[in-house]
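Asker: predicted structure and sequence below. I'll ask about it afterward.
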Amino acid sequence: MRPALPPVLSRLWALMRPHRLWMAGGAALALLAALAAIGLMAVSGWFIAVMALAGASGAAINYFTPAAAIRAFAILRSGARYGERVVTHEATLRGLTGLRAWLFRRLIPLAPARLSALRSGELFARLRADIDALEHFYLAVGVPASVALLSVAMALMLTAIVLPAAALPLLLGTLLAAVVLPLWIERRAARDAQQTVLDAAALRGLLLDALRGHSELLAWGAVAAHNSRLESLAARLDIRRTRLDQLQAVGGGLAGLFAQLSLLAVLVAGLAAVHSGALAPPELVMLTLLTLALFEAIAPLAEALAQWRATTLAGERVFDLADTPPVFIEPAPGTPLPQRCDIGFENARLRYAPHLPWALDGVDLVLAAGARVAVVGVSGAGKSSLLAALLKFYPLQQGRVLFGGASVAELPGDALRRRIAVIAQQTTLFDLSLLDNLLLAAPEASAGQIERAVSLAQLDAFVASLPQGYDTVLGEGGARVSGGEARRIVIARALLQDAPVLVLDEPTEGLDARTARDLYTALDAAGRDRTLLLITHRLSGLERLVDEVVVMDAGRIRTRAPVGEYLAGERGG
Amino acid sequence: MRRSDLSAGEWLRRQARQLRAPLARSGLLTGLQALTLVAQAWLLSGILTATVFAHAPLARLWPQWLALLVLAPLRLVLGMGARRSAFRAAQRLGASLRARVLRGAQALGPYGLRAQASGDLITRLVDGIDAVLAYFARYLPQAAAAALIPPVLAAFVFPADWLSGLILLLTAPLIPLFMMLVGKAAAQASERRHGQLRRLGAAFIEALGGLVALRQMGAAGAFAERLDAESEAYRALTMQVLRVAFLSALVLEFFATVSIAVVAVLIGFRLLWGELPLRAGLFVLLLAPEFYLPLRALGGLRHTRMDALAAAQELLALDAVAPEAAAPPRAVHAPHEAAPQIRFEGVGYEHGGRAAALSECSFTVPARAVTALVGASGAGKTTLLSVLLGFAAPYTGHVWIDGAELSELDVAQWRARVAWVPQQAHVFEGSVRDNLLLAAPGADAAALRRAADRSGLSAVLERLPHGWETPLGERGLGLSGGELQRLALARALLREQARVWLLDEPTAHLDGAGAQAVEETIRAAAETRTVLLVAHRLSAVRAADRVVVLGGGRVIEQGPPLELARARGGYAELLQAEQP
């Protein structure tokens, strides 16, 4: 029967299975190296004693075999040690690389509904540091533990044959050093080890704030205060790490102490046996050196176990995140999308948490294919929630959202979103070239299509001004372009997606009036044969883009009217 | 950027100078530990010799046995002491280094920082410092042990058996020699690996921050593949480094192990020929592995040194940035409390060749009035605010604050008089309250309430599950654009004592009613303050007393809005554009 593993370990094992040959190979080489080291010392001790006795008595002796064995053990040990290192590291690196990508892919369907509570600094900590920590399971615990177990077993067998009286003390000593001591260390270190993981993640978060919010901290004269918060956290972390190191030192030292005590016990049994003639003296020398070498293989365990809780916690954090269920269960792959692209909301109710007010409170809205509609209303009226529900980012508590007559809950999300191009309120650009940023939503776009989208978004002059043109790298989050330019890049990107539905969420925010007007003209042209949904609180220029206006308030649709009528009413009232 | 006059190794050595005393202490303890080792080997070889030749019982050997019993805990205590002293000192040094490097990063200023990927910087500040710390705490003490223990042991091996002593002494220097030869190649690989690690960190943090946008575009899968490729490159580079590092370890292991074997065999034959006493032979055999152990351990830590060197390469650039504290005291004029008049005189600024440069900007921002900066996006409006906040130093011209030059003022005191609403406010980790209090740590509940009321944040707070205590996600996740804007406004309004307001599009993302309320707040504040606001929309300029029109980094036009509207210049043109 297989022993029951902690859940984290069995999960990890399931993911590491493809690399099990590498892992087993590494452990086997480690065992070989350890046994060769023990063999080298044991045989050397025996050989010296035998040679000394032969020299004293003048007896003949076959010294070729043991001398060759010593040389063989020496070479075997060096080679196996090198092989062990390369193979175990290959195994962990392969495993962890795959694991990181696996976790990232698990995160994709969780955004945004399930991830909004976590900051990217925290997510980053889990993807980087937590996954890195998992190598500890194999490299620092798994391999040494199996090596220790097997070498102890073999050493004990040999001792039991040669000198049965020494087997029991040796068993006790190895039990203390390889089992009791590591477990004790593990328990003593638990709290600090866990807290270091959490503190280190918090430290990354504070650092991210210090760097990204630097201008604000400067403006408020709060740099020093934030830094001292950071430093006191770092100091706490340092104290815990020092305590852990101390504990590891105790572990390593006590393992050495147990080695000495076991040696003394073996001597007691051995001296009596030699005195009574039950044991040949060279064999006692062999056992002595074997005991010393055996404990070299056990010693690393106690130190490694100080990090055990930190590693299990890192694993739990990784799996907690990975196991978060997405808010939607995707339909079977290949589920077709309807040909039509009319949109409908049927008594849609949505709220982000049970204690929050309804963001959508019974919305009924039909947008025929090709309709051009603006949704207006004060901030918090539910305009953006309408979009979140349509994109299948958040589930409705009641009612349905329909796309082409089918409920979006039953449609494949990615395919659905490919047919809805969104110009979001917050521009998101990546540290890629301008071209790669543009191609994100439409990797197959032709040069002609790109030119057209760029010119529609009024970007031509900007592109022409760039020394490296489309190959210009935009910097982190598009840091190297101005706010207005970033917005127009995002617009060009959305136009390139060539979707039948185009949603604009405050597209002209941050643009000056003229650019905004030109943009509306361009969007008017680009949106000619598309369904166009404009979410805005600005009324100027509306009639240029849409035919109808829907007014939202407190999650409900108040009125729906032709744009002229609505604007006249607004101006009049 | 690399500084040629200071190599990474030199920088590391310079840092490590502070560790001399604790390392010496730890070295002393290590040396004592080596002596206990010698004593143990001598006692044990004595016991074994007695039993091999004389079959002596324990009863005759108990003094040696007891001495071994006493030495065992002594060795434990010495070992722990050595490790403790080295680790503590290294930890302290690491902490001061972290603080210094963070200050170096901050000294790059807002513009310098924006040009750096924060994922990359954090990798440097966290993983880079950890790498250097491992070098101080593990490698250096081990290096000290490797320098100390073998000579001490050799000093005792020689009198016992000169031939074995010679073998040990001849092979020992080969080990560092080979390590050095292999190390040259390894260092380069290690540097490449570090660069890749930083790229990987930056790519991940960016992908996580933009995950919603990626998913919305259906590009998350493609991005995951990009991350796969980056991770795979990192793995390959790491293995490359490790293989070389392990190769140096192999050379080392090989010499160490084969030497032990040669020593053992040679001792055996000389015992057979009666040229050596057994006790000396056993003594040497017991010490031989201990002779090589510190060298082998050092070889095992070889990659620690390479990692630290690569990390140091990244850190020393930040460490070299002069911290602001080193600048001469600028409190020539203590700024006073009333609303000042601000005058720009021929201000020019250029940043990285393109984007929002300024040239020859001259205009006045009167006290107790609202001045609006307008112009097309990219005209340099935000840059002007950055100059005024001291984030960017103009390369020509002057900025006068009530007749005192901005560059002469104590920048911290000047900023203390300013309330600023940036274009995209950063939301800090913490609650709504924490986020507001960052701007005015001493503010009481009443002040918080006033700021919330006047910015419209109160309505947002009612909606939030835990009101003031609601924790905020990244970029204010859970808050809409308008709500975020109100948070930023409230944060600025909390600085009630500020007599200068710099507002970068304060009404962006706000609906008509919300914007109007904010405009009223601004008007009222202007009675006792100097207000400079940046606006893309002329509707936001309704409340302004004066308008400055920027175009291509220059002042095109300025004056009261009504006058400008009649003048048919740039302002009139903008106005025209805004007409529906």
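Answerer: Received the coordinates, thanks.
Asker: and residue B:547, how many neighbours does it have?
Answerer: As a burial measure, residue B:547 scores 26 neighbours (other Cβ atoms under 10 Å in any protein chain shown). Yep, even glycine has a C-beta here, placed from its N, CA and C like the rest.
Asker: pretty sure it sits against residue B:561.
Answerer: Yes: using Cβ atoms under 8 Å, residue B:547 makes contact with residue B:561 at a distance of 4.9 Å.
Asker: which neighbours do those two share?
Answerer: B:372, B:541, B:571 (Cβ atoms under 8 Å, 6 or more residues apart in numbering or on different chains).
Asker: filter those residues down to the ones in strands?
Answerer: residue B:372 (DSSP state E).
Asker: how about a markdown table for the shared contacts of residue B:547 and residue B:561, with pLDDT, neighbour count and distance to chain A added?
Answerer: Below are the shared contacts of residue B:547 and residue B:561 laid out as a markdown table (pLDDT from 0 to 100; neighbours: other Cβ atoms under 10 Å in any protein chain shown; distance: Cβ to the nearest Cβ, whole Å):
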| residue | pLDDT | neighbour count | distance to chain A |
| --- | --- | --- | --- |
| B:372 | 93 | 23 | 13 |
| B:541 | 79 | 24 | 11 |
| B:571 | 82 | 25 | 11 |
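Asker: tell me how many other residues crowd residue B:41.
Answerer: Counted with other Cβ under 10 Å, residues neighbouring residue B:41 total 22.
Asker: how about the strands in chain A?
Answerer: Using DSSP E, strands in chain A cover A:343-350, A:360-367, A:372-376, A:398-403, A:406-407, A:420-423, A:501-505, A:531-536, A:548-553, A:556-562.
Asker: want to throw the ones you listed into a markdown table with mean pLDDT and distance to residue B:470?
Answerer: What follows is the strands of chain A, written out as a markdown table (pLDDT from 0 to 100; distance: least, Cβ to Cβ, whole Å):
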| stretch | mean pLDDT | distance to residue B:470 |
| --- | --- | --- |
| strand A:343-350 | 95 | 19 |
| strand A:360-367 | 94 | 21 |
| strand A:372-376 | 93 | 26 |
| strand A:398-403 | 95 | 25 |
| strand A:406-407 | 94 | 33 |
| strand A:420-423 | 92 | 27 |
| strand A:501-505 | 92 | 23 |
| strand A:531-536 | 91 | 24 |
| strand A:548-553 | 92 | 23 |
| strand A:556-562 | 93 | 25 |
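Asker: relative to chain B, which of those strands is closest?
Answerer: Closest to chain B of the strands of chain A is strand A:420-423 (Cβ to the nearest Cβ; 5.5 Å).
Asker: does the closest one come close to chain B?
Answerer: Yes: shown here: strand A:420-423 in contact with chain B (Cβ under 8 Å from any Cβ of the partner chain) through residue A:422.
Asker: who does that strand pair up with?
Answerer: Taking DSSP bridges as the criterion, strand A:420-423 forms sheet pairs with strand A:501-505 (parallel).
Asker: adjacent strands (with direction) for the helix or strand that contains residue B:556?
Answerer: Using DSSP states H and E, residue B:556 maps to strand B:554-559. Paired with strand B:554-559 in the same sheet, following DSSP bridges, are strand B:546-551 (antiparallel).
Asker: the strand it pairs with - what's its average pLDDT?
Answerer: Mean pLDDT, computed over strand B:546-551, is 90.
Asker: do stretch A:188-201 as well
Answerer: So the average pLDDT for stretch A:188-201 ends up being 91.
Asker: give me the distance from that stretch to the chain's centre.
Answerer: 18 Å (Cα atoms, centre = their mean, to the nearest Å).
Asker: span of stretch B:391-403 from start to end?
Answerer: This stretch, stretch B:391-403, spans 20 Å end to end (Cα to Cα, to the nearest Å).
Asker: list the buried residues of that stretch.
Answerer: Going by neighbour count (16 or more other Cβ atoms under 10 Å in any protein chain shown), the buried part of stretch B:391-403 is B:391-392, B:394, B:397, B:399-402.
Asker: now tabulate these in TSV and tack on secondary structure and pLDDT.
Answerer: Formatted as TSV, these follow (DSSP: H, G, I helix; E, B strand; the rest coil; pLDDT from 0 to 100):
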residue	secondary structure	pLDDT
B:391	coil	88
B:392	coil	84
B:394	coil	85
B:397	strand	90
B:399	strand	92
B:400	strand	92
B:401	strand	91
B:402	coil	89
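Asker: ok, those vs chain A, which is closest?
Answerer: So of the buried residues of stretch B:391-403, ranked by how close each gets to chain A (Cβ to the nearest Cβ), first place is residue B:391, at 6.1 Å.
Asker: do I have it right that that closest one meets residue B:111?
Answerer: Yes: contact criterion Cβ under 8 Å: residue B:391 and residue B:111 qualify, at 6.5 Å.
Asker: is stretch B:378-392 in proximity to chain A?
Answerer: Yes: counting by Cβ under 8 Å from any Cβ, chain A is contacted by stretch B:378-392 at B:378, B:382, B:389-391.
Asker: in helices only, show me those.
Answerer: residue B:382 (DSSP state H).
Asker: report pLDDT for residue B:491.
Answerer: In this model, residue B:491 is scored at 92, pLDDT.
Asker: using PDB, list the CA coordinates for the helix or strand bottoming out on mean pLDDT in chain A.
Answerer: When each helix and strand of chain A is scored by mean pLDDT, DSSP states H and E, helix A:120-125 comes last, with a mean of 75. The C-alpha trace of helix A:120-125 is given here as PDB (Å, rounded to 0.1, in the frame of the first residue of the first chain):
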ATOM      1  CA  SER A 120      -0.200  41.400  -9.200                       C
ATOM      2  CA  GLY A 121       2.700  41.700  -6.800                       C
ATOM      3  CA  GLU A 122       1.100  38.800  -4.800                       C
ATOM      4  CA  LEU A 123       0.400  36.800  -7.900                       C
ATOM      5  CA  PHE A 124       3.900  37.400  -9.000                       C
ATOM      6  CA  ALA A 125       5.200  36.100  -5.700                       C
END
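Asker: outside of that helix itself, list whatever touches it.
Answerer: Outside helix A:120-125, the residues that reach it (Cβ under 8 Å, 6+ apart) are A:107, A:115, A:200-201, A:204-205, A:207-209, A:321, B:119, B:122, B:201, B:204-205, B:208-209, B:429, B:474.
Asker: between the residues of stretch B:378-392 next to chain A, which is closest to chain A?
Answerer: So of the residues of stretch B:378-392 next to chain A, ranked by how close each gets to chain A (Cβ to the nearest Cβ), first place is residue B:378, at 4.7 Å.
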